[in-house]
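Trainee: Mind looking at a prediction? Sequence and model below.
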Amino acid sequence: MTQNKKSNDLIFRKQSLWLLLASLLSAGVFIFDLYRIPAGTVAAKDLKVANHFPSLLIALVMVALPLITVFMYRDRKRQIRLCSVSMLSCVSFVSLTLFRVSNDDAAGSGSYWIGGILPVVAMVFVVLALMAIRRDDKLVRSTDRLR
């Protein structure tokens with residue numbers, strides 16, 4: 001009974017909370033527009049993830065990686081690598097969004113919307129999770145030295 005309780009407690013750490021929040025915020029890009037151009041302009045349209053296949057793939061990776069990382073709590077080195085890849089996917093998604101907006105002719109009259117900001121906030125949560133994982137790793141290594 002104590003072994004089962006101990007393994008369940010490892011999932012509910014600070015980094016798990018940060019990673020779940022990062023995944024939820026990343027999923028918000030499927031709900032909200034990335035960029036909006038007002039209806040009064042000639043080319044009134046909204047930039048969405050579903051309208052661009054590469055953005056869709058990167059967004060799926062952005063949502064899935066933090067969720068997968070939560071359940072890798074026994075292997076902190078793998079968690080660190082997955083967090084790094086998750087941050088890379090957030091950066092590439094933001095870069096791709098900026099590229100799409102800069103190539104749009106009517107982009108000057110629009111503004112970024114909630115979906116364009118969520119990946120940046122998600123990346124902050126991934127960084128917080130990475131710091132918590134490294135702190136746990138440092139704590140485990142220091143207790144191993146005491147033995």
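Mentor: Arrived safely, thanks for sending.
Trainee: Going by C-alpha atoms from here, please, whenever you check contacts or count neighbours.
Mentor: Noted.
Trainee: So, low pLDDT: which residues of the chain?
Mentor: Along the chain, segments meeting pLDDT under 70 span 1-12, 40-44, 105-108, 144-147.
Trainee: Now with 50, please.
Mentor: 1-3, 5-6 (pLDDT under 50).
Trainee: Output the longest helix belonging to it.
Mentor: Longest helix of the chain, by residue count under DSSP state H: helix 114-146.
Trainee: That one: which residues count as buried?
Mentor: Neighbour counts over helix 114-146 (16 or more other Cα atoms under 10 Å) mark 114-130, 132-134, 136 as buried.
Trainee: Then stretch 14-33?
Mentor: Within stretch 14-33, the residues scored as buried using 16+ other Cα under 10 Å are 15-30, 32-33.
Trainee: Also stretch 57-69?
Mentor: Under 16+ other Cα under 10 Å, the buried positions of stretch 57-69 are 58, 59, 60, 61, 62, 63, 64, 65, 66, 67, 68, 69.
Trainee: and which of the residues you listed is nearest to residue 81?
Mentor: Set against residue 81, the nearest of the buried residues of stretch 57-69 by Cα to Cα is residue 69 (9.2 Å).
Trainee: Determine the set of other helices and strands touching the strand or helix carrying that closest one.
Mentor: Counting by DSSP states H and E, the element that carries residue 69 is helix 53-70. In terms of contacts (3 or more Cα pairs under 8 Å, 6 or more residues apart in numbering; DSSP states H and E), helix 53-70 is packed against helix 14-27, helix 76-102.
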